[in-house]
Structures are given as structure tokens and as C-alpha cells.
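Participant: With the sequence up front, the predicted model follows.
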Amino acid sequence: MTTPYIQALLTERAGYVARNLPKRVASVDAALSEAGFEHKYLKPLEVASVENEVETTSAPSVRRKRVADNGSH
């Protein structure tokens, strides 16, 4: 049986998990722990981070500056 406070924290936590906010989940987990709520699924979350780097199959091409042709050969 859970108290209304713990139920509210669990609902809040589920929202943070759905929105991928691991720091918020950790703070709710701390509050749940302080309230005496223990559960095997409240272990630290492992979430993938979003990397902006794009993986390519080849090295990027090098751009070379054009040399101005001044007319003398």
C-alpha cells in the first residue's frame, strides 16, 4: 500500500522517464527513498545520450583554396 505522496512521486517519476529526464528521475528517486519507498525498479536509470556527431563511412573531403590566376605563366 502506498501513500498519496508516494503515489504522486511515482506518477511524477513516470512522466520524467517518458520524457527522458534522468536528472529529474534521480531527484524523485531520492525523494522516494527519503519517504521510505523501496522497489527493485528504482535503480539508477541508464539512458542513451543523444550525440550530434554523424557517423559516416568515409573521411570528410578536404576543401582546397583556389589559387588566383594572375595571368603570368
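Facilitator: Sure thing, it's come through.
Participant: What is the biggest helix by length in the chain packed up against?
Facilitator: Criterion DSSP state H: the longest helix present in the chain is helix 4-18. With contacts taken as 3 or more Cβ pairs under 8 Å, 6 or more residues apart in numbering; DSSP states H and E, helix 4-18 sits against helix 22-34. No exception for glycine: its C-beta is placed from N, CA and C like everyone else's.
Participant: tell me the angle of the helix it packs on relative to helix 4-18?
Facilitator: Angle, helix 22-34 to helix 4-18, by axes from the mean of the first three to the mean of the last three Cα atoms, to 10 degrees: 160 degrees.
Participant: Any idea which helix or strand in the protein has the lowest mean pLDDT?
Facilitator: Ranking every helix and strand in the chain by mean pLDDT, DSSP states H and E puts helix 22-34 at the bottom, with a mean of 89.
Participant: what's the spacing between residue 70 and residue 64?
Facilitator: 18 Å (Cβ to Cβ, to the nearest Å).
Participant: and if you look at residue 11?
Facilitator: 59 Å.
Participant: the more surrounded of these two?
Facilitator: Taking other Cβ atoms under 10 Å, residue 11 and residue 64 do not tie; residue 11 has more neighbours (10 against 6).
Participant: and residue 16, what does it touch?
Facilitator: 22, 24, 25, 28 (Cβ atoms under 8 Å, 6 or more residues apart in numbering).
Participant: In a markdown table, list those residues along with distance to residue 34 and neighbour count.
Facilitator: Putting the contacts of residue 16 into a markdown table (distance: Cβ to Cβ, whole Å; neighbours: other Cβ atoms under 10 Å) gives the following:
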| residue | distance to residue 34 | neighbour count |
| --- | --- | --- |
| 22 | 19 | 14 |
| 24 | 16 | 15 |
| 25 | 15 | 21 |
| 28 | 11 | 21 |
